[in-house]
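> How does the following fold in three dimensions:
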Amino acid sequence: MTEKIKVTGLKELEAQLRKLETEVGAKAVRGALMTASKPMADQMKADVPVDKGNLKKTIGRRSGFYKGDKTARKFQETFAGNNAIAAVQVGAIKKGAWKAHFVEFGTEKSAAQPFIRPAAYALWQQTVSRFKDSLARRIKRLQKKA
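A predicted model of the protein is given here:
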């Protein structure tokens, strides 16, 4: 179970990234996404109300970069939307994640105890800011190497 937060208005950044060598640019973007999303994943783990069935172990992150091939297209269509160049998933995505839905939204017999949505809503702006800073550092490093 993941929460989608869409950030738009990155057209200039996208144009610059596409100019970079595909693999180098993809590595920079994915690294920045993973760096930026770590505090959100950590907060989700900290907010798990009851660790029944090791629910904390299901919290994770994964990122992808659309490069134009069929595998990347599947990632893009599934997780990022048609116009995205990159995406990161943060939430209950590892083995046993199906249990998170019952805790997050509740059942007939138990009240909802959300831990994914509150962390996502509280930290998304900081995550975007960290992404921007991390990506800028990575691009500067790439420029120095070139």
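> What's the local residue count around Asp42?
Close neighbours of Asp42, defined as other C-beta atoms under 10 Å, add up to 14. Every residue, glycine included, has its C-beta placed from N, CA and C.
> Which of the helices or strands spans it?
Secondary structure assigned from DSSP states H and E places Asp42 in helix 22-47.
> Check the gap between Gly91 and Ala136 for me.
Look at Gly91 and Ala136: by C-beta to C-beta, to the nearest Å, they are 26 Å apart.
> okay, these two: which has more neighbours?
Gly91 (26 against 12).
> relative orientation of whichever helix or strand that one is part of and helix 22-47 in degrees?
Using DSSP H and E, Gly91 sits in strand 86-92. Angle, strand 86-92 to helix 22-47, by axes from the mean of the first three to the mean of the last three C-alpha atoms, to 10 degrees: 20 degrees.
> what packs against the helix or strand following strand 86-92?
Per DSSP H and E, the first helix or strand lying C-terminal to strand 86-92 is helix 100-105. Helices and strands touching helix 100-105, as assessed by 3 or more C-beta pairs under 8 Å, 6 or more residues apart in numbering; DSSP states H and E, comprise strand 86-92.
> Let me see the mean pLDDT of the strand it packs on.
Taken as a whole, strand 86-92 has an average pLDDT of 84.
> Apart from its neighbours in sequence, what residue is nearest Leu123?
Leaving aside its sequence neighbours, Leu123 sits nearest to Met40 (C-beta to C-beta, 6 or more residues apart in numbering; 4.6 Å).
> got the contact list for the one you found?
Going by C-beta atoms under 8 Å, 6 or more residues apart in numbering, Met40 touches 90, 119-120, 123-124, 127.
> about what we covered before: run through the neighbouring helices and strands of the strand holding Gly91.
On a contact count with 3+ C-beta pairs under 8 Å, 6+ apart, strand 86-92 meets helix 22-47, strand 59-65, helix 100-105.
> Please identify the most buried of the ones you listed.
strand 59-65 (a mean of 21; mean count of other C-beta atoms under 10 Å).
> and the direction of that one versus that of strand 86-92, what angle?
Interaxial angle, strand 59-65 versus strand 86-92 (the same axes, to 10 degrees): 170 degrees.
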